[in-house]
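Novice: sequence first, then the predicted structure, then my questions.
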Amino acid sequence: MSCRYMAAVSSSLLRRSITLSPFNPLKPPNSIRLIQSSFQLPVRQCPRRAMSRVGATHDEEAAARAAATEADSGAPTIFDKIISKEIPSSIVYEDDKVLAFHDINPQAPVHVLVIPKLRDGLTELGKAEPRHEDILGHLLHASKIVAEKEGIVDGFRVVINSGASACQSVYHLHLHVLGGRQLKWPPG
């Protein structure tokens, strides 16, 4: 069961208990407070909270391992299809070398992906070579431009997942620009 569902059920039960109570509704009796405290969810029942404390879920790890098997195939990735406009995206920034667009599964109020338009063997940061220095610098500068456009230049994080152990799920180098809330340390 999802956390939202459990919270809605507990809230609904609590409201019914208060409504049926013959006591003053402005000061619920101790039994109501007991019901309320019994519906507080342990952290482990909420997958998002658990993820933030113990790392990636098994589904993310499995998806990353599966994606890694296709990493060097040269087949078009979903990002190649976004670059060619076969798949629509919400573009934040674009120039002749990079494309930045909103992530479809945001992990923060602002979550933008910045990708090079030309893969050139750069499927992950771990495969970077000296010839990639210019595009790597350009990707970081584009991340700063994205932060300005999104209004988070005063506090944002840039993340690069490299390889299956880091849960990289698309083998086309990409930077995650995250912000819009207080970010904690250490991450993940």
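Specialist: All right, it came through fine.
Novice: where in the protein is pLDDT low?
Specialist: The chain contains residues with pLDDT under 70 at 1-57, 188.
Novice: how about the strands in it?
Specialist: Counting by DSSP state E, residue ranges of the strands within the chain are 91-94, 98-102, 110-116, 156-159, 175-179.
Novice: bridging residues for I91?
Specialist: Using DSSP bridges, the bridge partners assigned to I91 are F101.
Novice: close enough to count as contact, it and F101?
Specialist: Yes. Applying CB atoms under 8 Å, one finds I91 in contact with F101, separated by 5.0 Å. Placement of C-beta: from N, CA and C, glycine included.
Novice: if you count surrounding residues, which of the two has more?
Specialist: F101 (20 against 13; other CB atoms under 10 Å).
Novice: how close does the more buried one get to H141?
Specialist: F101 sits at a distance of 17 Å from H141 (criterion: CB to CB, to the nearest Å).
Novice: same thing with S90?
Specialist: Distance of S90 to H141, given as CB to CB: 21 Å.
Novice: so which of the two has more stuff around it?
Specialist: Remark: of S90 and H141, H141 carries more neighbours, 13 against 10, as counted by other CB under 10 Å.
Novice: how about the helices in this protein?
Specialist: Remark: helices assigned in the chain by DSSP state H are 3-20, 30-38, 47-54, 58-69, 78-83, 133-150.
Novice: pull the fourth one out as PDB, backbone CA atoms only.
Specialist: The reference is to helix 58-69. Coordinates of each C-alpha in helix 58-69 appear next as PDB, following Å, rounded to 0.1, in the frame of the first residue of the first chain:
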ATOM      1  CA  HIS A  58      15.600  -3.400  -6.100                       C
ATOM      2  CA  ASP A  59      13.600  -2.300  -9.100                       C
ATOM      3  CA  GLU A  60      15.900   0.600  -9.800                       C
ATOM      4  CA  GLU A  61      18.900  -1.600  -9.400                       C
ATOM      5  CA  ALA A  62      17.400  -4.200 -11.700                       C
ATOM      6  CA  ALA A  63      16.600  -1.600 -14.300                       C
ATOM      7  CA  ALA A  64      20.100  -0.200 -14.100                       C
ATOM      8  CA  ARG A  65      21.600  -3.700 -14.600                       C
ATOM      9  CA  ALA A  66      19.300  -4.300 -17.600                       C
ATOM     10  CA  ALA A  67      20.200  -1.000 -19.100                       C
ATOM     11  CA  ALA A  68      23.900  -1.700 -18.700                       C
ATOM     12  CA  THR A  69      23.700  -4.800 -20.900                       C
END
